[in-house]
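J.: take this sequence and fold it.
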Amino acid sequence: MQSIFITGGAGGMGLATGKRFAAEGWFVGLVDVDDDGLEAAQAFFDPARSFFAHLDVTDETAYAAVINDFAGLTDGRLDVLFNNAGIAPGGWFEEMSSPLLRSVIDINVMGVIHGVRAALPLLRNTPNALCMSTSSSVATHGHAMRAVYSASKFAVKGLTEALGLEFERFGIRTADVLPGCIDTPMLRNALAASNGGVFHEGLLDTLPKTGAYRLVPVQEIADTVWRAYHDNRTHWYVPEEVGDIDRLVGTDFAAAREETKEFLFGR
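T.: Model (predicted):
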């Protein structure tokens, strides 16, 4: 049975992706620090085809142990590793605490590195395996008030490209997904924080109706990860217009900067 291991799997993009692969008959592993979310998620899966565990991706030792438990249920097979866990705190750079900024790097970057290293033996043991990670639209042009988050996602994008070259010798493919504004609890919490209050549906109306930063349902990410397994493309943009910004950076950086500023400050 083919299998996928998903970090940040208790909700949002991770849970949606798990459901998508479960519907295709895959064995699904979901891990997260959100124990309540993981418990609720179990209702959507066949217990014989799923695995759930608490995992802090910054804990390398714990990661290795959880991967080992997962491997015991899949005969050492892992077709897709989906490094999806991440945080995106916002604020002016000089006002954010050093511990908070460190946590962004530890979770978003080191968490991916720990995952790849822990899962590599399984990926090498599985024909046509894919190592996939969640980058972001902020890895096309950095976003104000998300400076270190932007840096972390540029790192994920670069790591994906570099490991794609290294892992050719193992027959392992690498890819990343670069989401724009996906309708997840993380996005809703960010909108509420920027509004200085609790989330309400009207806050979604503050997002653009067209273009790279329009609101996209979480199912689009799940479908993209599924397509990525069946394709050799490295960077997957959701929506596709996010890729237009990436390409524009290379040809007209000033224009890309203005488009980003318009999204951040022009609303």
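J.: so His141 is in contact with Val249, correct?
T.: Yes - with contact defined as C-beta atoms under 8 Å, His141 counts as touching Val249 (5.7 Å). All C-beta spots, glycine's among them, are computed from the backbone N, C-alpha and C.
J.: tell me where the stretch 151-267 of the chain has strands.
T.: Assigned by DSSP state E, counting those that start in this stretch, the stretch 151-267 of the chain shows strands spanning 173-179, 181-182, 215-216, 235-238.
J.: for the second one, name the packing helices and strands.
T.: Right, strand 181-182. In terms of contacts (3 or more C-beta pairs under 8 Å, 6 or more residues apart in numbering; DSSP states H and E), strand 181-182 is packed against strand 215-216.
J.: parallel or antiparallel, which strands does the strand it packs on pair with?
T.: Next to strand 215-216 in the sheet, as set by DSSP bridges, lie strand 181-182 (parallel).
J.: what does the strand it pairs with contact?
T.: The contact list for strand 181-182, computed with C-beta atoms under 8 Å, 6 or more residues apart in numbering, reads 12-13, 137, 187, 207, 213-218, 220-221, 238.
J.: what is the neighbour count of Val177?
T.: Other residues near Val177 come to 26 when the count uses other C-beta atoms under 10 Å.
J.: over to Asp32?
T.: Neighbour number of Asp32 under other C-beta under 10 Å is 25.
J.: next one: Asp176
T.: Counted with other C-beta under 10 Å, the neighbours of Asp176 add up to 26.
J.: that one reaches Ala155, doesn't it?
T.: No - using C-beta under 8 Å, Asp176 makes no contact with Ala155, being 11.0 Å away.
J.: still on that earlier bit, for the strands of the stretch 151-267 of the chain, which one ends up most surrounded?
T.: Among these, the stretch with the highest mean neighbour count (mean count of other C-beta atoms under 10 Å) is strand 173-179, at a mean of 24.
J.: okay, and Leu30 sits in which element?
T.: According to DSSP states H and E, Leu30 maps onto strand 27-32.
J.: what pairs with that strand, parallel or antiparallel?
T.: By DSSP bridges, strand 27-32 pairs with strand 3-7 (parallel), strand 50-54 (parallel).
J.: save the ones you listed as a markdown table, and put in mean pLDDT too.
T.: Formatted as a markdown table, these follow (pLDDT from 0 to 100):
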| stretch | mean pLDDT |
| --- | --- |
| strand 3-7 | 98 |
| strand 50-54 | 98 |
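J.: helices of the protein, start to end?
T.: 12-23, 35-41, 60-74, 98-105, 111-124, 147-166, 185-195, 219-229, 241-251, 253-265 (DSSP state H).
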